[in-house]
Every structure is written in C-alpha cells, then in structure tokens.
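Asker: Here is my input, please return the structure:
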Amino acid sequence: MQLTADTETQAQTKTQADTQTGAQADAPADVQTGGGVQTEEAVPERTTAGRAVGRKDADGMAVASFVLGLVGLLVLNVFLGPIAIVLASLALWRGTSRRGRALLGLGLGVADLVVLGALVAADGTLSWSIAG
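Answerer: Numbering: from 1, shown residues only. Okay, here's the model as predicted:
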C-alpha cells in the first residue's frame, strides 16, 4: 500500500511541476552558446523514416547540380557551371547520401567553366555559336 501512495505522490508532484512550467513548455528552450542564444528550432526535424529533412534537401541539391552541370555543357555554361559547383559543394557539406551524384555535378560544373574558357579563347567573346 505504501508503494502505491509513493507513486501517486510522485505523479502529483510531476503534474504540479508541469503545470508551473506549462507556459515555458510551448516556447522553444534557449540554449546558450559561445556567441549568443540559439533556440532548439535550429535542430533539423525528423521525418517518419528517421532521416533528417536537411539530408533530403542535400539529396535534391546533388541531383540538381548534376543536371545543371550536364545541361551547362551545352548552353549557358557561364551561369549553370558556377551554380552546379555551389549546389554540389553545399550537398557534400550537408552530408548527402548521393555523394557520387554530387561529385559528378561538381566535376561537370568545373567542366562547364573549362569549356567556356576554351570557347572564349578560341572566339574572343563570351558569346559563342556552334555554326562558327
């Protein structure tokens, strides 16, 4: 009987503590860091599969860098090459699961700039055409 009374007392104490801090429970807790205050909202949310949402974004960046690098070999390489490089770098920095695709996007972005440099050296302008 004593064990049940102790358990009820602990439950009541916990309930009272929760009601006293109820207003603070809704607000994100502040975490002190060296440079200032950071809220817990900075932590990426989890999806139902357990993967971080930020990783899903990084996977999309890896694919986008690959596609833009590939298209940039044919058209608008002055714009698409640097964008592919930046997206691939961000995807790698965020820890994408599509590391190979991000590295391909990075290589294709660099190739875009190399092709642009070769065409500028041959023609002397930033505009070029296949007809010559």
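
Asker: Give me the neighbour count for Leu104.
Answerer: Residues within reach of Leu104, counting by other Cβ atoms under 10 Å, total 18. Every C-beta, even on glycine, is put in place using the N, C-alpha and C of the backbone.

Asker: An error on my part: the question was meant for Gly100.
Answerer: 11.

Asker: State the helix or strand in which it lies.
Answerer: helix 99-123 (DSSP states H and E).

Asker: Can you show me the strands along the protein?
Answerer: 30-32, 37-39 (DSSP state E).

Asker: just to revisit the earlier point, from the contact counts, what lies against the helix holding Gly100?
Answerer: Where contact means 3 or more Cβ pairs under 8 Å, 6 or more residues apart in numbering; DSSP states H and E, helix 99-123 is packed against helix 53-72, helix 77-93.

Asker: quick one, which of the ones you listed is nearest to Leu103?
Answerer: Among those, helix 77-93 comes nearest to Leu103, with 7.1 Å by Cβ to Cβ.

Asker: Just the C-alphas of that closest one, formatted as PDB.
Answerer: In PDB, the C-alpha atoms belonging to helix 77-93 read as follows (Å, rounded to 0.1, in the frame of the first residue of the first chain):
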ATOM      1  CA  ASN A  77      27.700  27.400 -69.100                       C
ATOM      2  CA  VAL A  78      28.700  30.800 -67.800                       C
ATOM      3  CA  PHE A  79      25.700  30.600 -65.400                       C
ATOM      4  CA  LEU A  80      25.000  26.900 -64.900                       C
ATOM      5  CA  GLY A  81      28.600  25.900 -64.200                       C
ATOM      6  CA  PRO A  82      29.000  28.000 -61.100                       C
ATOM      7  CA  ILE A  83      25.500  27.200 -59.900                       C
ATOM      8  CA  ALA A  84      26.300  23.400 -60.300                       C
ATOM      9  CA  ILE A  85      29.600  23.900 -58.300                       C
ATOM     10  CA  VAL A  86      27.800  25.700 -55.500                       C
ATOM     11  CA  LEU A  87      25.000  23.200 -55.200                       C
ATOM     12  CA  ALA A  88      27.400  20.200 -55.300                       C
ATOM     13  CA  SER A  89      29.500  21.800 -52.600                       C
ATOM     14  CA  LEU A  90      26.500  22.500 -50.400                       C
ATOM     15  CA  ALA A  91      25.200  19.000 -50.900                       C
ATOM     16  CA  LEU A  92      28.600  17.500 -49.900                       C
ATOM     17  CA  TRP A  93      28.900  19.800 -46.900                       C
END
